[in-house]
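Asks: 3D model of this:
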Amino acid sequence: MGDAMNAVIDALNTIFWGYVLIYGLLAVGIFFTIRLGALQFLHFGEMIRSVMGARQSDKSGISPFQALCTSLASRVGTGNLAGVAVALYLGGAGAIFWMWMVALVGMATAYAESTLAQLYKVRDGAGQYRGGPAFYLSKGLKAPWAGSIFSVCLIISFGLVFNAVQANSIADAMEGAFGFNKLMVGVALAVLAGIVIFGGLRSIARFAEFVVPFMAAAYVLMALVVLAMNYSEVPGVLATIVRSAFGLEEAAGGVAGSVTAAMLNGIKRGLFSNEAGMGSAPNVAATATPNPHHPASQGFVQATGVFIDTLVICTATAVMILLSGVLEPGNGVTGTQLTQLAMEAHIGDAGRYFIAFAILFFAFTSIVANYSYAENAMIFLGLGGKVGMLCLRCAALAMVVWGAYQAVGTVFNAADASMGLMATINLIGILLLSGTVAKLTKDYLAQRKTGVEPVFRADDYPELKDKINSDIWY
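Replies: All right, here's what the predicted structure looks like:
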């Protein structure tokens, strides 16, 4: 029975991750980049402005800055440490170039999905804003069934399994660096995560707003120190990344450094890390009170998240590994182990502890933020009452304890399949709604051009009359 189940899951993953998503996510990113007029390049300043002026919230929503920090808490996880190392090990230095490319087109996808999430948001029983792909599929495309499938997949992958995976990474790191018992680490994590998530969305947002900027800054600062220590080698490393991406660098072992390996690993790890187009971040983008009062402003904020995740944090990891000289294709050292070795090469024994703490912060914030996504899915499915939320919270924390001491192979594959289905549904949805995204973007930028603060006016969008919540967008 188990073997048959594994075979089905593996087949689904081959279809989703081998074909549909690698090409689908890229194609959708390129489509939105063209359709929105290369918005992430030409209006980069607007992205920075939308994050800077994003501090106020109201009784229904969290602030845009809190939403950015919560989505970054989820985006920035073990993928930024271990995933980058895996990409380098399997794809060579060129993988990093393709990671950048994915992020650059992914910014347009992230913009589109978060703008839609803002537009179709609703208020829950407690008066909080809620929304996300399930809501825009249901209201924008009149396909509540798609929203339901999406929500179930989101709860399985983000609400439950990914938390086991993140807990597993923390337990491994803590055992490796300090010799802690894995089960005890799991229990401690569950207690700490419980304190945050039982406080609900506001408590998660406040936690993220406080911890995420500190954690990202500390990590990037460390990378800058490493760069400063090896400043003479930096141009060479950057040249290697670009040359390897196009197969101009004769790689040791020939095959491993081939262009295809670099492309596939860079693209796959990049997508995993920044989550653009997956339909995860829009769940928190929808809960923000936008400033300016226009759905597109949240799109700009979340596009910035993809930039920070991949072009800043993943690049920091890559440069630290490439400057350390410990990367050897085929020697079996990959993942977190490789990142730790690289740090030890730079700062001695302290490197191991630094990476252990980085994993603790990166993965712990992911657990808390991933859980918040699942809350939205429960509300969409009509299970958002006290009992439903209590069950979700207990299940999520149980997965943290379980994940800490279990090898999570099969389960992780199941979550991959579940996330694959979720992302496929989301991509189809945002493509079908791309006309609305284009119209919102044009409206926002036209208002900016005349020098006024952009405001959404429902009268300009008669086609949305019965689809959006008229007491939120009027």
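
Asks: for the stretch 351-474 of the chain, what spans make up the strands?
Replies: Counting by DSSP state E, counting those that start in this stretch, one finds no strands in the stretch 351-474 of the chain.

Asks: Could you do the chain as well?
Replies: 122-123, 129-130 (DSSP state E).

Asks: give the contact list for N163.
Replies: S366, I367, N370, Y371, A396, M399, V400, G403 (Cβ atoms under 8 Å, 6 or more residues apart in numbering). For glycine as for every other residue, the C-beta is placed from the backbone atoms N, C-alpha and C.

Asks: can you do 6 Å?
Replies: N163 is in contact with I367, N370, A396, M399, V400, counting by Cβ atoms under 6 Å, 6 or more residues apart in numbering.

Asks: repeat for F362
Replies: V76, G77 are the contacts of F362 under Cβ under 6 Å, 6+ apart.

Asks: Please report the distance of the residue positioned nearest the centre of the chain from G451.
Replies: Of all residues in the chain, the one closest to the mean position by Cα atoms, centre = their mean is R75, 2.8 Å from it. Distance of R75 to G451, given as Cβ to Cβ, to the nearest Å: 33 Å.

Asks: nearest residue to S244 other than its sequence neighbours?
Replies: Distance criterion Cβ to Cβ, 6 or more residues apart in numbering; nearest residue to S244, sequence neighbours excluded, is G94 at 3.3 Å.

Asks: Pull the contacting residues for T310.
Replies: Per Cβ under 6 Å, 6+ apart, neighbours of T310: M99, A103, G270, S273, N274.

Asks: Oh, that last question was meant for A216, not what I typed.
Replies: Here A216 is in contact with no residue (Cβ under 6 Å, 6+ apart).

Asks: Quick check: it vs G94, distance?
Replies: Taking Cβ to Cβ, one finds A216 at 26 Å from G94.

Asks: thinking again about what came up before, dump the contacts of N163 to TSV, plus distance to Y129.
Replies: What follows is the contacts of N163, written out as TSV (distance: Cβ to Cβ, whole Å):
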residue	distance to Y129
I367	23
N370	19
A396	22
M399	27
V400	27
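
Asks: out of these, who's nearest P133?
Replies: Closest approach to P133 among the contacts of N163 (Cβ to Cβ): N370, at 15.1 Å.

Asks: and the closest residue to that closest one other than its chain neighbours, what does it touch?
Replies: Counting by Cβ to Cβ, 6+ apart, F158 is the residue found nearest to N370 once chain neighbours are left out, at 4.3 Å. If you count contacts by Cβ under 6 Å, 6+ apart, F158 has them with S280, N370, Y373, A374.

Asks: Kindly recompute the last result at 8 Å.
Replies: Counting by Cβ under 8 Å, 6+ apart, F158 touches S74, S280, N370, Y371, Y373, A374, M419.

Asks: Those residues into TSV, with extra columns for neighbour count, distance to A239 and pLDDT?
Replies: Shown next, in TSV, are the contacts of F158 (neighbours: other Cβ atoms under 10 Å; distance: Cβ to Cβ, whole Å; pLDDT from 0 to 100):
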residue	neighbour count	distance to A239	pLDDT
S74	28	33	88
S280	26	35	91
N370	25	37	91
Y371	26	42	92
Y373	24	39	91
A374	26	43	92
M419	26	35	82
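
Asks: quick one: contacts for F412?
Replies: Counting by Cβ under 8 Å, 6+ apart, F412 has contacts V161, V165.

Asks: separation between it and W17?
Replies: For F412, the distance to W17 (Cβ to Cβ) stands at 12 Å.

Asks: For this structure, give me the ranges with low pLDDT.
Replies: Counting by pLDDT under 70, the chain shows low-confidence ranges at 1-2, 54, 249-257, 407-411.

Asks: Comparing the strands of the chain, which stretch has the densest surroundings?
Replies: Mean neighbour count (mean count of other Cβ atoms under 10 Å) peaks for strand 129-130 among the strands of the chain, with a mean of 25.

Asks: Given that one, what are its sheet partners and their directions?
Replies: Strand pairing for strand 129-130, using DSSP bridges, gives strand 122-123 (antiparallel).

Asks: in stretch 335-350, what's buried?
Replies: For stretch 335-350, burial by neighbour count (16 or more other Cβ atoms under 10 Å) applies to 335-347.

Asks: do the same with stretch 7-22
Replies: By 16+ other Cβ under 10 Å, the buried positions in stretch 7-22 come out as I9, L12, N13, F16, W17, V20, L21, I22.

Asks: hang on, the fifth one packs against L421?
Replies: What it means is W17. No - using Cβ atoms under 8 Å, W17 is not in contact with L421; the gap is 11.4 Å.

Asks: so what's in contact with these two at the same time?
Replies: Common contact partners of W17 and L421 (Cβ under 8 Å, 6+ apart): none.

Asks: any idea how far the spatially closest residue to G53 that is not a sequence neighbour is from Q56?
Replies: In this structure, G53 finds its nearest non-sequential neighbour in N291, 6.0 Å apart by Cβ to Cβ, 6+ apart. Here N291 is placed at a distance of 6 Å from Q56 (Cβ to Cβ).

Asks: These two: which is more packed in?
Replies: N291 (21 against 11; other Cβ atoms under 10 Å).

Asks: if I pick the more buried one, what's in contact with it?
Replies: Contacts of N291 (Cβ under 8 Å, 6+ apart): S50, G53, A54, Q56, S63, P64, S297.

Asks: ok, of those, which come out buried?
Replies: Buried subset of those (neighbour count, 16+ other Cβ under 10 Å): S50, A54, S63, P64, S297.

Asks: In a markdown table: those, plus distance to A27.
Replies: Shown next, in a markdown table, are the buried ones among the contacts of N291 (distance: Cβ to Cβ, whole Å):
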| residue | distance to A27 |
| --- | --- |
| S50 | 26 |
| A54 | 31 |
| S63 | 34 |
| P64 | 29 |
| S297 | 26 |
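
Asks: closest to E113 among these?
Replies: For the buried ones among the contacts of N291, the nearest to E113 is S297 (14.5 Å; Cβ to Cβ).

Asks: State whether that closest one and M52 are indeed in contact, as I suppose.
Replies: No - counting by Cβ under 8 Å, M52 is not a contact partner of S297; they are 11.8 Å apart.

Asks: With adjacent residues omitted, what lies nearest to the residue nearest to the centre of the chain?
Replies: With Cβ to Cβ, 6+ apart, the residue lying closest to R75 is D309, at 4.4 Å.

Asks: so how far is N80 from that neighbour?
Replies: According to Cβ to Cβ, D309 stands 7 Å off from N80.

Asks: L42 and A223: what is the separation?
Replies: On the measure of Cβ to Cβ, L42 and A223 end up 28 Å apart.

Asks: Much appreciated, bye for now.
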